[in-house]
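*Asks:* sequence unavailable; structure follows:
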């Protein structure tokens with residue numbers, strides 16, 4: 001088939017383009033700007049557009065399918081041309097559902113942990129030799145792309161994002177997938193630009209529960225009181241309901257161990273939230289048919305995902321991690337994990353406010369207490385990003401008050417933040433850089449910590 005992707009440069013979209021080309025389709029795409037690593041990856045598969053921009057004259061009747069990315073606008077010239085011609089237009093979650101309609105669908109949803117849980121399940125399934133398709137939101141070791149589509153795989157594993165499907169399809173992505181096995185990791189208000197109240201946000205998960213296929217399985221975190229109440233309110237007689245809690249673990253000489261059947265299973269990941277993620281992943285794998293011994297053997301070799309507690313540098317005196325954490329619940333869980341793992345180190349936590357929610361003055365109070373276990377902390381944001389998102393100006397005092405830390409360093413210049421970091425002189429320190437952006441393009445390895 002001839003397939004054209006509008007806004008091909010997105011994280012999921014460029015991976016979908018690669019997967020489609022690997023399947024033998026003729027693939028083209030467009031975007032007004034494409035950043036790394038999408039740019040290099042598209043180029044390596046000869047999929048990078050010759051010019052950036054929108055070219056409606058290239059949209060014609062020879063195209064079988066248009067796939068529309070979320071970052072395109074509703075008045076996109078190529079979209080308008082495709083609508084004028086009556087071409088079939090999919091959002092990418094709609095396309096993936098159509099692809100998987102005859103497969104057993106496994107969907108991992110929740111406000112936090114869904115990428116890691118999805119990656120854990122994929123790692124275990126691959127370790128056990130199972131054939132499966134997938135969609136995941138981060139690069140994973142031993143997986144070439146973040147999307148796989150095949151005709152023969154009987155199972156498809158989805159990371160179920162609750163953000164909108166496309167500019168012309170305003171339903172959350174995970175409402176498309178209709179799982180047979182579903183997991184919800186937890187609920188913490190996010191995406192304030194789309195769901196302006198907590199109630200509206202929570203309602204998306206209620207709807208998700210009702211979209212699980214008949215005689216399906218719902219696995220969810222019992223520790224989350226909001227989620228527990230929501231599941232009780234939306235119980236279905238035709239679903240098997242499984243609750244999970246944090247796996248029992250201990251830390252010895254900087255290594256985390258799971259405890260199971262009197263054994264200690266060494267892990268390459270750490271943190272209470274990851275022990276919770278492992279517990280959820282184990283129930284999903286059990287529902288797929290993987291036995292417990294095989295699961296633990298496989299999970300002991302799981303090294304995490306790109307940008308999730310990713311170790312950048314380590315020496316005798318300092319450790320540097322970067323993490324994708326940006327929402328309040330993610331920030332708190334990540335800080336707590338690092339502090340638990342490095343109890344004898346001074347923890348310096350740095351967060352970039354980059355998303356619409358995090359830069360919204362009405363949302364900032366959600367971060368209160370998230371830096372509690374950090375010995376020192378700083379927040380960076382780019383005023384230009386605030387302007388681009390057409391948000392109200394936020395001040396240093398706004399941020400300190402919202403976070404509940406008067407000693408918080410607040411920076412609008414990344415060079416000043418780097419100077420602040422370099423001037424911290426302690427015997428042992430662990431620095432945690434958290435952002436869904438890139439701190440204005442800094443090279444973490446040049447921090448010279």
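*Replies:* Sure thing, it's come through. Being a predicted model, the structure only gives us computed values, none of them experimental.

*Asks:* got the phi and psi for residue 364?
*Replies:* Torsion angles at residue 364 (phi, psi; degrees, to the nearest 10) stand at phi -50, psi -30.

*Asks:* would you mind measuring from it to residue 357?
*Replies:* 9 Å (Cβ to Cβ, to the nearest Å). Where C-beta positions appear, they are placed from N, C-alpha and C, glycine not excepted.

*Asks:* how about low-confidence regions in this protein?
*Replies:* Applying pLDDT under 70 to the chain flags the ranges 448-449.

*Asks:* contacts for the helix or strand containing residue 40?
*Replies:* Residue 40 is part of helix 38-44 when elements are defined by DSSP states H and E. Applying Cβ atoms under 8 Å, 6 or more residues apart in numbering, the external contacts of helix 38-44 come out as 8-11, 14-15, 17-18, 29, 34, 48.

*Asks:* can you point out the buried residues in stretch 157-172?
*Replies:* 157-162, 164-167, 169, 172 (16 or more other Cβ atoms under 10 Å).

*Asks:* taking the contacts of helix 38-44 one by one, which sit in strands?
*Replies:* Within those, residues falling in strands by DSSP state E are residue 29.

*Asks:* quick one: which of the contacts of helix 38-44 is most hemmed in?
*Replies:* Highest neighbour count within the contacts of helix 38-44: residue 17, with 31 neighbours (other Cβ atoms under 10 Å).

*Asks:* grab the nearest non-local neighbour of residue 352.
*Replies:* residue 435 (3.6 Å; Cβ to Cβ, 6 or more residues apart in numbering).

*Asks:* which phi and psi does that neighbour have?
*Replies:* Residue torsions, per degrees, to the nearest 10, at residue 435 are phi -170, psi 150.

*Asks:* tell me the gap between the helix holding residue 40 and the middle of its chain.
*Replies:* 21 Å (Cα atoms, centre = their mean, to the nearest Å).

*Asks:* now residue 260, nearest residue through space, not along the chain?
*Replies:* Using Cβ to Cβ, 6+ apart, the closest residue to residue 260 is residue 296 (6.0 Å).

*Asks:* residues of the helix or strand containing that neighbour that come out buried?
*Replies:* Using DSSP H and E, residue 296 maps to helix 292-299. Buried positions in helix 292-299, judged by neighbour count with 16+ other Cβ under 10 Å: 295-296, 298-299.

*Asks:* check stretch 78-89 too.
*Replies:* In stretch 78-89, counting by 16+ other Cβ under 10 Å, buried: 78-79, 81-82, 87, 89.

*Asks:* from these, which land in strands?
*Replies:* residue 89.

*Asks:* looking at the buried residues of stretch 78-89, which one is closest to residue 95?
*Replies:* residue 89 (9.9 Å; Cβ to Cβ).

*Asks:* for beta bridges, what are the partners of the closest one?
*Replies:* residue 66 (DSSP bridges).

*Asks:* go on, residue 323?
*Replies:* As assigned using DSSP bridges, the partners bridged with residue 323 are residue 434.

*Asks:* from what I see, residue 247 and residue 279 are in contact.
*Replies:* Yes - assessed by Cβ atoms under 8 Å, residue 247 is found in contact with residue 279 at 4.5 Å.

*Asks:* farthest pair in the buried residues of helix 292-299?
*Replies:* Going by Cβ to Cβ, the two entries of the buried residues of helix 292-299 that are most distant from one another are 296 and 298, at 7.3 Å.

*Asks:* domain map for the protein?
*Replies:* As assigned by automatic domain parsing, the chain contains the domains 2-90, 100-299, 310-447.

*Asks:* contacts for stretch 363-374?
*Replies:* For stretch 363-374, using Cβ under 8 Å, 6+ apart, the contacting residues are 188-189, 192, 328, 331-332, 335-336, 339, 347-349, 351, 357-358, 377, 394, 398-399, 402-405, 408, 432.

*Asks:* list buried residues within the residues you listed.
*Replies:* Buried by 16+ other Cβ under 10 Å: 188-189, 192, 328, 331-332, 335-336, 339, 347-349, 351, 357-358, 377, 394, 399, 402-403, 405, 408, 432, out of the contacts of stretch 363-374.

*Asks:* which of those residues fall in helices?
*Replies:* Judged by DSSP state H, helices contain the following of the buried ones among the contacts of stretch 363-374: 328, 331-332, 335-336, 339, 399, 402-403.

*Asks:* not counting its neighbours along the chain, what's nearest the residue of the chain positioned farthest from its centre?
*Replies:* Farthest-out residue of the chain from its mean C-alpha position, per Cα atoms, centre = their mean: residue 61, at 35.9 Å. Distances taken as Cβ to Cβ, 6+ apart place residue 85 nearest to residue 61, at 6.2 Å, with adjacent residues excluded.
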